[in-house]
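In: The sequence isn't on hand, but the structure is:
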Ligand SMILES: Cc1cc2nc3c(=O)[nH]c(=O)nc-3n(C[C@H](O)[C@H](O)[C@H](O)COP(=O)(O)OP(=O)(O)OC[C@H]3O[C@@H](n4cnc5c(N)ncnc54)[C@H](O)[C@@H]3O)c2cc1C
């Protein structure tokens with residue numbers, strides 16, 4: 001897809017990639033400047049319960065909180081979700097990611113463009129792009145582990161990574177040498193579900209709709225949630241349950257569609273054999289400036 005001037009003209013903004021720590025720093029600075037938020041670090045929530053109009057939160061250090069409005073933004077393995085909606089459990093398929101950034105100059109000449117490049121293969125892919133104005137190069141290598149089991153966590157090892165990428169094109173093999181091998185990220189998503197709210201509590205972000213990263217949308221959808229939730233709370237400042245209900249209604253179909261599309265996209269990019277040849281022929285025939293397949297994602301702001 002062409003992310004140049006035509007994209008900007010069509011959607012009114014640039015397609016941007018950034019380091020997640022830069023995004024978090026910008027958000028944290030804005031929170032600090034607002035003076036409206038009390039930040040409490042090193043508190044681990046262990047349980048949440050609803051008692052009438054009140055949500056009760058327990059932390060591992062014994063601290064407890066009571067509130068008329070609780071927002072569970074605690075990610076993929078959310079304790080708030082587990083406490084209030086125990087049937088929604090993230091599931092994996094055996095895919096795992098190794099990723100990280102390196103100084104841009106460490107990359108080979110072939111990899112030094114400014115494009116977002118996705119190399120796809122049979123149950124593997126590598127994505128790479130420059131961030132922080134070309135200072136760093138980000139890479140994520142994903143593959144399907146043959147050792148995958150649901151009852152243990154010792155699959156998706158570095159030696160499996162090397163094996164999965166053993167037969168890739170030389171440019172991918174070279175780039176792979178620069179992929180950080182110190183942390184492994186098993187991939188899991190949630191089956192779309194609702195409700196996300198119970199009385200004075202609501203889920204947002206990955207806690208509500210954890211998704212595969214194949215559409216690069218998890219954090220984007222979490223940010224859209226935050227903007228929409230702020231608007232719903234401003235519309236119903238004295239009635240959080242109604243604000244949460246409004247929020248869920250505005251967001252749930254959109255995020256469910258992103259979750260399901262990410263799953264499908266993951267299936268397509270990981271095709272092998274004849275299916276991969278069919279995919280390649282279809283993609284080759286596409287006009288890179290035809291944005292009709294992503295209009296719903298990038299142009300629809302009906303959730304606001
Ligand atoms: C490999 C990979 C690549 C990705 N690439 C992209 C991408 O390109 N674009 C994109 O938009 N998204 C991407 N994502 C998805 C993105 O990282 C997530 O969707 C996003 O971080 C979700 O934000 P969140 O705030 O909902 O949850 P999180 O970022 O997980 O934040 C949850 C917070 O809650 C805290 N927390 C958790 N449990 C507790 C507890 N019990 N008590 C107290 N605090 C707790 C955590 O410490 C954390 O600070 C990717 C994800 C992965 C794994």
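Out: Here it is on my side, so go on. If you're wondering where the values come from, they're calculated on a predicted model, not measured in any experiment.

In: ok, and what's touching the host helix or strand of residue 100?
Out: In this structure, residue 100 is located in strand 91-103 according to DSSP states H and E. Here strand 91-103 makes contact (Cβ atoms under 8 Å, 6 or more residues apart in numbering) with 19, 131, 135-146, 148, 150, 155-156, 158, 160-161, 178-191, 212-213, 266. (C-beta placed from N, C-alpha, C; glycine too.)

In: Throw together a ChimeraX command that grabs the buried residues out of the residues you listed.
Out: With 16 or more other Cβ atoms under 10 Å as the criterion, this ChimeraX line picks the buried residues out of the contacts of strand 91-103:
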select :131,136,137,138,139,140,141,142,143,144,145,148,155,156,160,161,178,179,184,186,187,188,189,190,212,213,266
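
In: From the contacts of strand 91-103, which land in strands?
Out: Taking DSSP state E, the ones among the contacts of strand 91-103 that sit in strands are 131, 136-144, 184-189.

In: how about the helices in the stretch 1-150 of the chain?
Out: Ranges of helices within the stretch 1-150 of the chain are 5-11, 20-34, 79-84, based on DSSP state H, counting those that start in this stretch.

In: Of the ones you listed, which stretch is the most buried?
Out: When neighbours are counted by mean count of other Cβ atoms under 10 Å, the highest per-stretch mean among those falls to helix 79-84, a mean of 22.

In: any residue of it up close to the ligand?
Out: Yes: under the criterion of Cβ under 6 Å from any ligand atom, helix 79-84 makes contact with the ligand via residue 79.

In: picking up where we left off before, and the helices of the stretch 1-150 of the chain: which comes nearest residue 275?
Out: When the helices of the stretch 1-150 of the chain are ranked by proximity to residue 275, the top entry is helix 5-11, at 28.5 Å, counting by Cβ to Cβ.

In: tell me what the closest one is packed against?
Out: For helix 5-11, not one helix or strand is in contact under the criterion 3 or more Cβ pairs under 8 Å, 6 or more residues apart in numbering; DSSP states H and E.

In: first to last residue in stretch 173-192, what's the distance?
Out: 36 Å (Cα to Cα, to the nearest Å).

In: quick one: stretch 129-146 near the ligand?
Out: Yes: counting by Cβ under 6 Å from any ligand atom, contacts between stretch 129-146 and the ligand involve residue 140.

In: Backbone dihedrals for residue 247, both of them.
Out: Summarising the backbone geometry of residue 247 under the convention degrees, to the nearest 10, its torsions are phi -60, psi -50.

In: should've said residue 152
Out: Backbone geometry at residue 152, expressed as degrees, to the nearest 10, gives phi -150, psi 170.

In: and the residue in the stretch 51-200 of the chain that the ligand sits nearest to, what does it touch?
Out: With distances taken as Cβ to the nearest ligand atom, the stretch 51-200 of the chain approaches the ligand most closely at residue 75, which sits 2.6 Å away. Contacts for residue 75 (Cβ under 8 Å, 6+ apart) come out as 205-207, 210.

In: No further questions, thank you.
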